[in-house]
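Peer 1: Mind folding the following:
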Amino acid sequence: MADAIRETLLRYVTVRAAVLRPKSVESLINDLLPFADYLTTHHTDLTCLRGLDRSHIEGFLAWNRTRSWRGQRAAAGAGRTISMAVIQSTVLSLRNLLDDLAEWGWEQAPSRRLVFAADVPKLDQPLPRALPPDVDGAVMNAVAGLEDPFASIGLTVLRGAGLRVGELLDLELGSVIDYGPADTWLKVPLGKLATERMVPLSATTIAALDEWSSQRGVCRPLPHPRTGALTDFLFVAHGRRLGQTRLRNGLLAAVESCGLRGTGGAPLVVTPHQLRHTWATELANAGMSLQAWMALLGHVTPQMTLRYATLASPTLRDAYDQAMGKVRRRFTLTPVGKPIVPETVSWLGSEMLKTRVAHGYCSRHEAAGACPHANICETCDNFVTGPEFRGALEAQRTDIQALEADARDRGWPDEAARHHRVADALTDHLHRLDR
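Peer 2: Numbering: from 1, shown residues only. As a prediction, the model looks like this:
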């Protein structure tokens, strides 16, 4: 790699590190290193980022989609290409790098934009992986019986408060707050989205937290990984913070003890984060408002929360049933090989707001109200017909007279009056044909 390119990248990372968290800086470095590797390997003649053109970017985009894992994941990902999420993150970081250089006025900036929105791959948007109620119940019953107290209590709190694993591990002494008449709440620390929130606790979750606090003992404060400040973390043992490995192993043991099997008879795979999905799905199925939902989940945009709104829930079911009630037809769909127009007898007997038009039939659910355009042509002063349409008009009038009688029988006087007006209009049109 040319010295000028190396110096530009190091300077850029240094500037960004002044405002980014350590983990974000690490991610930025991991995203930019593949681009540096690509330039070093495939474009040895390039001495400065100012010399970049679109062909360099297009070559990197193609190479980036097929490259293998690097760094700490190289061994675990041997023989496999990187995930689509890593591909997207790399392209986004490259675009940000070049855009920032241009906006900051650095002399190393290319002369024009080289990475565009169309270059960023789109990620799939899978639904949250909530556990079915029967699986959820079996797993949590098994969790309660785990020999590892941290796994048992930690997983119970994850499921009962909808926490992310990192949020659970960052809980501090004093996170549980009793508000008296407002019951007991959990103060969730700054986490993935740099937001704090309060979550109400159930009796089961409170009991689990009390059990851990009673056996935790006295432990010295430890440096916070984000701020470096000495912090009294809740989940510590023997002077060290506890990690997510014991949670994952405990959940695997719980699933195994239940005998739950997935595809091909292999043990069902359940992750700690699925407990959060399950908790959030329960809230969705209970009809909780979007605003309250966002607050409890710690989401900063409605788009994040709306993923849960696409799950099967009574709210969606009610909306579906209400909509279908307005459009569902009482007569059956046309069988293959049969005429599209329904049989007159079945149509006349359907409990709908019916309109007979010259070229067919119209049915409208009562809940939708009367159609303001029904038979608007036949009753218009500008309507003109001819002898060739006499048969169609007579058949239409016969059906409309039957509809008038049907509406009176159903107690729909407005509909009966409408049909009567249309029948009179058709009679006038037929009389004019006789003149």
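Peer 1: what comes into contact with stretch 115-133?
Peer 2: 57, 61, 65, 84-85, 87-88, 91-92, 94-95, 98-99, 136, 139, 270-271, 274-275, 277-278, 280-281, 307-308, 310-311 (C-beta atoms under 8 Å, 6 or more residues apart in numbering). Using the backbone N, CA and C atoms, a C-beta is placed for each residue, glycine as well.
Peer 1: now with 7 Å?
Peer 2: Outside stretch 115-133, the residues that touch it by C-beta atoms under 7 Å, 6 or more residues apart in numbering are 57, 61, 84-85, 87-88, 91-92, 94-95, 98, 139, 270, 274, 277-278, 280-281, 307-308, 310-311.
Peer 1: again, but for stretch 146-159
Peer 2: Stretch 146-159 has contacts (C-beta under 7 Å, 6+ apart) with 140, 143-144, 163, 168, 204-205, 208-209, 211-212, 215, 235, 242, 246-247, 249-251, 253-254, 272, 275-276, 278-279.
Peer 1: swap in stretch 44-59?
Peer 2: Applying C-beta under 7 Å, 6+ apart, the contact partners of stretch 44-59 are Ala2, Ala4, Ile5, Thr8, Leu39, His42, His43, Gln108, Ala109, Pro110, Leu114, Val115.
Peer 1: about what we covered before: buried ones from the contacts of stretch 115-133, can you make that a ChimeraX selection?
Peer 2: Per 16 or more other C-beta atoms under 10 Å, the buried members of those correspond to this ChimeraX selection:
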select :57,61,87,88,91,94,95,98,139,270,274,277,278,280,281,307,308,311
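Peer 1: among the contacts of stretch 146-159, which are in helices?
Peer 2: The members of the contacts of stretch 146-159 that map onto helices under DSSP state H are 140, 143-144, 168, 204-205, 208-209, 211-212, 215, 246-247, 249-251, 253-254, 272, 275-276, 278-279.
Peer 1: filter those to the buried ones?
Peer 2: Buried among those (16+ other C-beta under 10 Å): 140, 143, 168, 205, 208-209, 212, 246-247, 250-251, 253-254, 272, 275-276, 278-279.
Peer 1: residue ranges with poor pLDDT in the chain?
Peer 2: 70-80, 126, 191-194, 306-372 (pLDDT under 70).
Peer 1: give me phi/psi at the nearest residue to Gln401 once chain neighbours are set aside?
Peer 2: By the measure of C-beta to C-beta, 6 or more residues apart in numbering, the closest residue to Gln401 outside its immediate chain neighbours is Ala423, 5.3 Å from it. Backbone dihedrals for Ala423, given as degrees, to the nearest 10, come out at phi -60, psi -40.
Peer 1: distance of Ala423 from Asn375?
Peer 2: For Ala423, the distance to Asn375 equals 10 Å [C-beta to C-beta, to the nearest Å].
Peer 1: likewise Asn141?
Peer 2: 65 Å.
Peer 1: now Arg67
Peer 2: 68 Å.
Peer 1: Name the residue in these two with the higher neighbour count.
Peer 2: Asn375 (22 against 16; other C-beta atoms under 10 Å).
Peer 1: count of neighbours near Arg16?
Peer 2: Arg16, neighbours per other C-beta under 10 Å, totals 18.
Peer 1: circling back: any chance of the contacts of stretch 44-59 in CSV, plus neighbour count and distance to Met198?
Peer 2: Putting the contacts of stretch 44-59 into CSV (neighbours: other C-beta atoms under 10 Å; distance: C-beta to C-beta, whole Å) gives the following:
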residue, neighbour count, distance to Met198
Ala2, 17, 52
Ala4, 15, 51
Ile5, 22, 48
Thr8, 20, 45
Leu39, 20, 48
His42, 12, 52
His43, 18, 53
Gln108, 19, 47
Ala109, 19, 45
Pro110, 19, 47
Leu114, 21, 45
Val115, 21, 41
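Peer 1: Now the nearest residue to Ile29 once chain neighbours are set aside: which helix or strand?
Peer 2: Once flanking residues are discounted, Ile29 sits nearest to Val13: 6.1 Å by C-beta to C-beta, 6+ apart. Using DSSP states H and E, Val13 maps to helix 3-17.
Peer 1: which parts of the helix or strand that that helix is followed by are buried?
Peer 2: With elements assigned by DSSP H and E, the helix or strand that comes after helix 3-17 is helix 22-42. For helix 22-42, a neighbour-count test (16+ other C-beta under 10 Å) marks Val25, Leu28, Ile29, Asn30, Asp31, Leu32, Pro34, Phe35, Tyr38, Leu39 as buried.
Peer 1: for stretch 206-222, same thing?
Peer 2: In stretch 206-222, residues buried by neighbour count (16+ other C-beta under 10 Å) are Ile206, Ala208, Leu209, Trp212, Cys219.
Peer 1: now swap in stretch 254-263 and tell me
Peer 2: For stretch 254-263, using 16+ other C-beta under 10 Å, the buried residues are Ala254, Val255, Cys258, Leu260.
Peer 1: Would you reformat those residues as TSV and include distance to Val300?
Peer 2: TSV is the format used below for the buried residues of stretch 254-263 (distance: C-beta to C-beta, whole Å):
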residue	distance to Val300
Ala254	32
Val255	32
Cys258	36
Leu260	34
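Peer 1: of all these, which comes closest to Ile177?
Peer 2: Taking C-beta to C-beta as the measure, Ile177 lies nearest Ala254 of these, at 29.4 Å.
Peer 1: now the spatially closest residue to that closest one that is not a sequence neighbour: how far from Ala151?
Peer 2: Among residues not flanking Ala254 along the chain, Ala142 sits closest, at 3.8 Å (C-beta to C-beta, 6+ apart). Distance, Ala142 to Ala151, using C-beta to C-beta: 11 Å.
Peer 1: and what of Ala417?
Peer 2: Between Ala417 and Ala151 the computed distance is 74 Å (C-beta to C-beta).
Peer 1: more crowded one of the two?
Peer 2: Ala151 (23 against 13).
Peer 1: Could you confirm that one falls within a strand?
Peer 2: No. Using DSSP: H, G, I helix; E, B strand; the rest coil, the assignment for Ala151 is helix, not a strand.
Peer 1: ok, the closest residue to it other than its chain neighbours - contacts?
Peer 2: Nearest residue to Ala151, sequence neighbours excluded (C-beta to C-beta, 6+ apart): Gly250, at 2.5 Å. By C-beta under 7 Å, 6+ apart, the contact list for Gly250 reads Leu146, Asp148, Ala151, Ser152, Leu155.
Peer 1: most neighbours, which of those residues?
Peer 2: Of those, with other C-beta under 10 Å as the count, Leu155 tops at 28 neighbours.
Peer 1: mind checking the SS state of that one?
Peer 2: Classification of Leu155 by three-state DSSP places it in helix.
Peer 1: Next one: it from Arg16, what distance?
Peer 2: Distance from Leu155 to Arg16, by C-beta to C-beta: 37 Å.
Peer 1: Likewise for Thr271?
Peer 2: 31 Å.
Peer 1: Okay then, goodbye and thanks.
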